[in-house]
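K.L.:
Everything below, folded, please.
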Amino acid sequence: MKKIKILYIALISLASGTMMSCESKLDQSPKSSLGSNAFYQNESDFIKALSGVYNGLNSYPINHFELSEVRSDNIYSPGTAGVRDYNLINNFNTNLATAGIMNNTWNGLYNNIMRANTILEKLTADVVADDNMRARIEGETKFLRALFYFDLVRFYGKVPLFDRPVTPLEALEIPRSPVAEVYNLIITDLEFAISNLPDEFTSATDLGRATSHAARGLLARVYMTRSGTQLHPEGPVMGTNEWSEAIALLDQIIDSGQFDLVDNYADIFAYDNENNEEIVFDIQFLSGGQGVGGEYVQYHYPEAFARTNGIPFAGGTFPDAPKTVSANLMDSYEGNDVRDDFSVWINYDDGNGNITQDRFIKKYLDLDNLGVDRFDFELNFPVIRYADILLMKAEALSKSGGSQLEIDALVNSIRQRAGLLLPLVNVSYEQIMEERRREFIGEGLRWHDLVRSGMAIDVMDAWIAEEDAANKISTDITSDDMIYAVPINQLDVKEGLYDQNPGY
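P.N.:
Numbers count the residues shown, from 1 in each chain. The predicted structure follows:
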């Protein structure tokens, strides 16, 4: 019976927080270790518990960089020895079931879901009497649960479905659910969030909370993922052709007039310009050694660079396994494009007067705004930007036979902001996806885009042939590689409860 402890729901940990008006950010720091039965006594307790669920988003930028960006043609990281988890991901290794990142991601997402389920079970009119506040708490919680389940579906395909707290023994009888069933819960949760959350929060203390527009943006992304070209029969793409549903949601965001493109690309990621008009939903971080800083930045830069440039307790990628921005991606930027210069650091001094030839993502790094250590960066991480809303609409229009003039206008609005003043005409679907690649470099969208588009195998095959000088990436990429391995720890919980995904 000891193996039950491995299961993600063996313990329910409650992380709670308070709102800090002085910093105008959502505080996600844990404040209480009370058990769930004793904790949920009033509205304030639920707000604190909900902050604990938001705290579960802290690993989102890391998961999506390692499992989406590194997996794609954006990053080349075969490693000298090829033993780091992210090297295995980059190399399409079939032994990923034992990789720590597989288990950590699975466990982390389910821990977050169990926190959300506990809130939803405890939330009643007896403890939160105000109908509007109760609906808002439920809406935010369901938005977050939907996001966590969407990640699980995109990473693993079929997953166990829990819409309420369960005991470890109950969990041992619940198998993986078909992707369609998981999507049903995701869509229902997001529809509730859309109906019950405000379009925006006016209080500075509520910055970072999910809004109805954030739920619309996420639901549009869900519909588009479902609608793409299916390569894996049990993956996140189902060929449902729900492009019109996505367009309707995206139009509501656009027509609201609440969002806009920031004039300068670099200003989207400026430390003194957080929560700007381009942000539909982001993950809030706060430096100062309070335990709620952003660790994700250190997953991009090399360790030698960090030490040379005075980043405290530097961290960074290992010398034997840099995460190099691919030459193919760099070559795709046109001469006047400002996005590559801002987003990528090219070559650096190792501190001994030697210039290291490398390229790494720097769009989140400001050496004048360092925290107390590598876990303490201040900058929020964008989950949904307005630029994504516009390019998602262009993609959905392209897939559904929509107006070519509108497609061109949407894509050109993004390119004009990037400094590319000559407009494109008759923009193709492939051009839209390449524009997304350049616009969202380092934001963890590329692999998901390739899987949704059905282009993953062809694009990766061509890229590997061009880029893999070390000859370490598998040349036998198949539909099995569209999703990842179920962690071996989960398979060992109870024999036969879960089956492994094909190819692993």
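K.L.:
got any ranges where the chain has weak pLDDT?
P.N.:
By pLDDT under 70, the weakly predicted segments of the chain are 1-37.
K.L.:
Go through the protein and flag its longest helix.
P.N.:
helix 131-156 (DSSP state H).
K.L.:
What strands flank whichever helix or strand comes after that helix, and is each parallel or antiparallel?
P.N.:
Using DSSP states H and E, the helix or strand that follows helix 131-156 towards the C-terminus is strand 159-160. When pairing is defined by DSSP bridges, strand 159-160 lines up against strand 176-177 (antiparallel).
K.L.:
What are the buried residues along the helix or strand following the partner strand?
P.N.:
Downstream of strand 176-177, the next assigned helix or strand under DSSP H and E is helix 179-196. In terms of neighbour count (16 or more other CB atoms under 10 Å), helix 179-196 has its buried residues at 179, 182-183, 185-187, 189-190, 192-194, 196. (Glycine included, C-beta is placed from N, CA and C.)
K.L.:
Closest one to Met460 out of these, please.
P.N.:
Val179 (22.0 Å; CB to CB).
K.L.:
now the end-to-end length of stretch 429-448.
P.N.:
Across stretch 429-448, the terminal residues are separated by 16 Å (CA to CA, to the nearest Å).
K.L.:
one step back: what angle separates the longest helix of the chain from helix 179-196?
P.N.:
Calculated by axes from the mean of the first three to the mean of the last three CA atoms, to 10 degrees, helix 131-156 forms an angle of 150 degrees with helix 179-196.
K.L.:
from the middle of its chain, how far away would helix 131-156 be?
P.N.:
14 Å (CA atoms, centre = their mean, to the nearest Å).
K.L.:
can the buried residues of helix 179-196 go into a markdown table with extra columns for distance to Ser203?
P.N.:
A markdown table is the format used below for those (distance: CB to CB, whole Å):
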| residue | distance to Ser203 |
| --- | --- |
| Val179 | 38 |
| Val182 | 34 |
| Tyr183 | 33 |
| Leu185 | 30 |
| Ile186 | 28 |
| Ile187 | 29 |
| Asp189 | 24 |
| Leu190 | 23 |
| Phe192 | 22 |
| Ala193 | 19 |
| Ile194 | 21 |
| Asn196 | 18 |
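K.L.:
And the residues you listed, which two are furthest apart?
P.N.:
Between all members of the buried residues of helix 179-196, the farthest pair (by CB to CB) comes out as Val179 and Asn196, at 26.0 Å.
K.L.:
Tell me the buried residues in the host helix or strand of Ile464?
P.N.:
Using DSSP H and E, Ile464 maps to helix 456-467. Going by neighbour count (16+ other CB under 10 Å), the buried part of helix 456-467 is 456-457, 459-460, 463-464, 467.
K.L.:
Show me what the following helix or strand past that helix is packed up against.
P.N.:
From helix 456-467 onward toward the C-terminus, using DSSP H and E, the following helix or strand is helix 488-491. The criterion is 3 or more CB pairs under 8 Å, 6 or more residues apart in numbering; DSSP states H and E, and the helices and strands that helix 488-491 contacts are helix 100-122.
K.L.:
Can you check what angle separates the helix it packs on from helix 131-156?
P.N.:
Orientation of helix 100-122 against helix 131-156 (the same axes, to 10 degrees) gives an angle of 160 degrees.
K.L.:
Phe305 versus the most far-flung residue of the chain relative to its centre, what's the distance?
P.N.:
Most distant residue from the mean C-alpha position of the chain: Gly353, 37.2 Å away (CA atoms, centre = their mean). Distance from Gly353 to Phe305, counting by CB to CB, to the nearest Å: 14 Å.
K.L.:
Equivalent analysis for Gly108, please.
P.N.:
From Gly108 over to Phe305 (counting by CB to CB), the distance is 28 Å.
K.L.:
Torsion angles phi and psi at the closest residue to Ser428 other than its chain neighbours?
P.N.:
Once flanking residues are discounted, Ser428 sits nearest to Ser398: 7.5 Å by CB to CB, 6 or more residues apart in numbering. Phi and psi for Ser398, reported as degrees, to the nearest 10, are phi -60, psi -40.
K.L.:
Touching, Ser398 and Tyr429? I think so.
P.N.:
Yes. Taking CB atoms under 8 Å as the definition, Ser398 is a contact partner of Tyr429 at 4.6 Å.
K.L.:
In terms of neighbours, single out the busier of those two.
P.N.:
Taking other CB atoms under 10 Å, Ser398 and Tyr429 do not tie; Ser398 has more neighbours (21 against 15).
K.L.:
what's near enough to touch Thr225?
P.N.:
150, 154, 236-237, 448, 452 (CB atoms under 8 Å, 6 or more residues apart in numbering).
K.L.:
Just the closest of the residues you listed to Ala210, please.
P.N.:
Phe150 (13.3 Å).
K.L.:
burial measure for that closest one, as a count.
P.N.:
23.
K.L.:
host element of Thr356?
P.N.:
Secondary structure (DSSP H and E) places Thr356 in strand 355-361.
K.L.:
Helix or strand next in line after that strand, which one?
P.N.:
Criterion used, DSSP H and E; the element after strand 355-361 is strand 381-385.
K.L.:
Against which helices or strands is that following strand packed?
P.N.:
helix 60-64, helix 212-227, strand 279-283.
K.L.:
What is the three-state secondary structure of Asp331?
P.N.:
Asp331 carries the three-state label helix when classified by DSSP: H, G, I helix; E, B strand; the rest coil.
K.L.:
And the one 10 residues further on, by the same measure?
P.N.:
Three-state call for Asp341 (three-state DSSP): helix.
K.L.:
which residues touch it?
P.N.:
Asp341 neighbours (CB under 8 Å, 6+ apart): none.
K.L.:
related to what we said a few turns ago, just send the contacts of Thr225 back as TSV, with distance to Ser332 too.
P.N.:
Below are those laid out as TSV (distance: CB to CB, whole Å):
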residue	distance to Ser332
Phe150	28
Arg154	24
Pro236	26
Val237	24
His448	18
Arg452	19
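K.L.:
Does Glu434 touch Asp331 like I think?
P.N.:
No. Assessed by CB under 8 Å, Glu434 is found out of contact with Asp331, at 11.5 Å.
K.L.:
Could you pull out the residues contacting both of the two?
P.N.:
If you check Glu434 and Asp331 against CB under 8 Å, 6+ apart, no residue is contacted by both.
K.L.:
Looking at those two, which one has more neighbours?
P.N.:
Counting neighbours by other CB under 10 Å for Glu434 and for Asp331 shows that Glu434 has the greater number, 15 against 9.
K.L.:
Angles on the backbone of Gly82, please.
P.N.:
Per degrees, to the nearest 10, the backbone of Gly82 is at phi 70, psi 30.
K.L.:
Quick check: it vs Val325, distance?
P.N.:
The value you get for Gly82 to Val325, if CB to CB is used, is 19 Å.
K.L.:
Looking at the two, which is more packed in?
P.N.:
More crowded of Gly82 and Val325, by other CB under 10 Å: Val325, with 26 against 17.
K.L.:
gap between the more buried one and Ile283?
P.N.:
Distance, Val325 to Ile283, by CB to CB: 23 Å.
K.L.:
just to revisit the earlier point, neighbour count winner among Gly108 and Phe305?
P.N.:
Taking neighbours as other CB under 10 Å, Gly108 and Phe305 compare with Phe305 leading, 25 against 19.
K.L.:
can you tell me which residues contact the residue nearest to Pro423 when sequence neighbours are not counted?
P.N.:
Closest residue in space to Pro423, ignoring its immediate chain neighbours: Asn412 at 4.5 Å, by CB to CB, 6+ apart. By CB under 8 Å, 6+ apart, the contact set of Asn412 is 423-424, 427.
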